[in-house]
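Asks: sequence and predicted structure below; questions after.
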Amino acid sequence: MRIGVVTFPGSLDDGDAARAARLAGAEAVRLWHGDPELHGVDAVILPGGFSYGDYLRCGAIARFAPVMESIIDAARGGMPVLGICNGFQVLCEAHLLPGALTRNQHLHFRNRDQWLRVDTAGTAWTGEFTAGQEILIPVKNGEGCYVADERTLDELEAEGRIVARYVRGNPNGSQRDIAAITNEAGNVVGIMPHPEHAVEALTGPSLDGLGFFTSVLRHLGDRELAR
């Protein structure tokens, strides 16, 4: 399976995301922001960083990159897409996910290992987890506070689209402790913490992040068998 990892000007974690995909068993394919071609990938990761310097609003410029037009179409057609940190912001700006990510409530950058509870294991990116499972992965953001209107939040709750919540402390003030959400189809997931930094014993606080990447490979394999 081929997983594409997009590089925008200012991306910081594209190499880490590509490595995580390889460790999971996929072929990592580097995608350039200015190239609309997806080069035959089966899934896409939008990595963390500061796309286009975040000079306008986090993810607001990246949303209009040529590659994003292709990704938006592919996502609406069912392709799995994972947005990590800045990638989550891009997905919200592209209206593939609802809500927005705003400045941390305490106005400080947070960089720490963070416990999450996986609430939804039925997405393309979380099938290797079980609902209620707690995992430890790093978080590092200054604008990671998830916000939405009450109606949207209630819909996310009712439809089981809150993928993960912060537990043992909320690092940024996100409403309802939301750390990750999914679209209605379950193929698009945005997560503020960084699973790609928890895939090796040498460098991560755990191996818990690897499940996101092995999950999508299982999802793609199951989908291929069903054809």
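Replies: Great, that's in hand. Numbering: from 1, shown residues only.
Asks: all the strands of the protein, residue numbers only.
Replies: Along the chain, the segments classed as strands by DSSP state E run 2-7, 27-32, 43-46, 81-84, 100-102, 110-118, 134-141, 145-147, 162-166, 178-182, 188-191.
Asks: so which of those strands gets nearest His197?
Replies: Of all the strands of the chain, it is strand 134-141 that lies closest to His197, at 4.6 Å by Cβ to Cβ. In this view, the C-beta of every residue, glycine as well, is placed from N, C-alpha and C.
Asks: what's the pLDDT at Leu56?
Replies: The model reports Leu56 with a pLDDT of 83.
Asks: neighbours around it, how many?
Replies: Using other Cβ atoms under 10 Å, Leu56 has 11 other residues around it.
Asks: ditto for His219
Replies: Here the number of neighbours of His219 (other Cβ under 10 Å) works out to 22.
Asks: how about the contacts made by it?
Replies: His219 makes contact with 80, 124-125, 127 under the criterion Cβ atoms under 8 Å, 6 or more residues apart in numbering.
Asks: closest one to Ser206 out of those, please.
Replies: Of all those, Trp125 has the smallest distance to Ser206: 17.2 Å, by Cβ to Cβ.
Asks: hmm, Leu217 and that closest one touching each other?
Replies: No - assessed by Cβ atoms under 8 Å, Trp125 is found out of contact with Leu217, at 10.3 Å.
Asks: looking at the two, which one has more neighbours?
Replies: Shown here are Trp125 and Leu217; by other Cβ under 10 Å, Trp125 has more neighbours (30 against 21).
Asks: so what's the more buried one closest to, chain neighbours aside?
Replies: Distance criterion Cβ to Cβ, 6 or more residues apart in numbering; nearest residue to Trp125, sequence neighbours excluded, is Val189 at 4.5 Å.
Asks: and the residue lying closest to Arg57 once chain neighbours are set aside, how many neighbours?
Replies: Leaving out its chain neighbours, the residue that sits closest to Arg57 by Cβ to Cβ, 6+ apart is Glu93, at 7.5 Å. For Glu93, the count of nearby residues is 22 (other Cβ under 10 Å).
Asks: and the pLDDT at Glu93?
Replies: pLDDT for Glu93: 97.
Asks: contacts only, for it.
Replies: By Cβ under 8 Å, 6+ apart, Glu93 lies in contact with 57-60, 62-63.
Asks: next, give phi and psi for Thr126.
Replies: Note on Thr126: its backbone torsions stand at phi -130, psi 10 [degrees, to the nearest 10].
Asks: that one touches Val118, doesn't it?
Replies: Yes - the criterion here is Cβ under 8 Å, and Thr126 meets it with Val118 at 6.0 Å.
Asks: which helix in this structure has the most residues?
Replies: Ranked by number of residues, the top helix in the chain under DSSP state H is helix 210-226.
Asks: give the buried residues for it.
Replies: By neighbour count with 16 or more other Cβ atoms under 10 Å, helix 210-226 contains the buried residues 210-217, 219-220.
Asks: and if you look at stretch 61-78?
Replies: In stretch 61-78, counting by 16+ other Cβ under 10 Å, buried: 61-63, 65, 67-68, 70-72, 74-75.
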